[in-house]
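Undergrad: Following is a predicted model, sequence given first.
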Amino acid sequence: MTGGLRIFPGPRVLFACAAELLVEAAVRAVREAGVFTLVLAGGNTPRGLYELLAEPPCASRIPWRQVRLYWGDERFVPQRHEQSNYRLAAETLLARVPVPADQVHPIPTAEATPEQAALAYEDTLRALAAAQGRSPPRFDLVLLGLGADGHTASLFPGGPECAERERWCVASRAPEGTGVRERITLTLPVLNASRSVLFLVSGAEKRPILQKVLHPAPGQERRYPAQLLRPAGELRWLADFPLD
């Protein structure tokens with residue numbers, strides 16, 4: 001199921017819409033099940049969204065004590081590293097809202113290797129699945145970005161992680177020139193089990209890849225990892241530039 005593409009005149013309006021959708025999802029999930037499971041996006045794009053969520057009026061509308069936070073991917077760096085996805089969320093959001101510490105589940109990059117970190121995080125996901133009585137677990141909302149190369153989370157074009165069908169979290173390796181190469185990422189089986197997936201695509205430099213992902217040439221329908229996101233629930237794309 002898809003909710004289609006929405007175009008906004010700039011990033012601030014895009015993030016305001018994303019914040020409203022997140023608030024609505026949180027309120028609905030807590031009303032129905034008493035908990036809201038949210039997967040945070042990596043990279044720098046969601047910074048503006050996190051800042052909005054930590055400010056009035058959003059901050060007071062979200063039932064933070066019923067929120068459980070997870071991450072879609074992480075760079076294999078210490079949590080205080082400037083490239084850490086956890087650090088971005090911690091500084092812009094977690095330090096400013098009352099989410100209980102034991103309900104925040106970052107990917108454990110203190111492990112010896114990315115593979116060990118992935119296995120440890122899969123244990124975290126299995127605990128959630130057991131609590132839900134589902135396999136794989138079902139997140140209420142997954143936030144994702146889109147790289148200029150068509151990657152999402154740390155699922156890269158042509159990477160073996162895109163073909164994974166059994167594991168829920170694996171180590172991956174980014175191409176050269178993409179900063180920290182050693183990564184940990186959730187896989188398609190768990191991402192596609194989600195209730196809702198929301199792509200945030202900001203910056204006109206992303207126009208060519210978004211065009212290719214959403215309107216592929218014949219035979220290119222599964223070329224990019226972002227095209228493989230087909231959640232059981234709703235899929236929405238928000239962009240702050242028009243397509244051709």
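TA: Yep, that arrived.

Undergrad: Grab the longest helix from the chain for me.
TA: For the chain, the helix with the greatest residue count under DSSP state H is helix 11-33.

Undergrad: Partner strands of the helix or strand bottoming out on mean pLDDT in the chain, with direction?
TA: Every helix and strand in the chain was compared by mean pLDDT, DSSP states H and E; the lowest is strand 4-7, with a mean of 94. Paired with strand 4-7 in the same sheet, following DSSP bridges, are strand 234-239 (parallel).

Undergrad: quick revisit: could you list the residues in contact with the least confident helix or strand of the chain?
TA: Cys17, Leu214, Arg236, Trp237, Leu238, Ala239, Asp240, Phe241, Pro242, Leu243 (CB atoms under 8 Å, 6 or more residues apart in numbering). (Glycine included, C-beta is placed from N, CA and C.)

Undergrad: I'd like the distance from it to the chain centre, please.
TA: 18 Å (CA atoms, centre = their mean, to the nearest Å).

Undergrad: Helix, strand, or coil at the residue sitting furthest away from the middle of the chain?
TA: Within the chain, the residue lying farthest from the chain centre (CA atoms, centre = their mean) is Pro218, at 28.1 Å. Three-state assignment for Pro218 (DSSP: H, G, I helix; E, B strand; the rest coil): coil.

Undergrad: do you know how far it is from Lys212?
TA: With the distance defined as CB to CB, to the nearest Å, Pro218 ends up 12 Å from Lys212.

Undergrad: Pairing partners for the following helix or strand past the longest helix of the chain, with directions?
TA: As assigned by DSSP states H and E, the chain's next helix or strand after helix 11-33 is strand 36-40. Sheet pairing of strand 36-40 (DSSP bridges) gives strand 67-71 (parallel), strand 141-145 (parallel).

Undergrad: got the angle between strand 36-40 and helix 11-33?
TA: On the basis of axes from the mean of the first three to the mean of the last three CA atoms, to 10 degrees, strand 36-40 is oriented at 150 degrees to helix 11-33.
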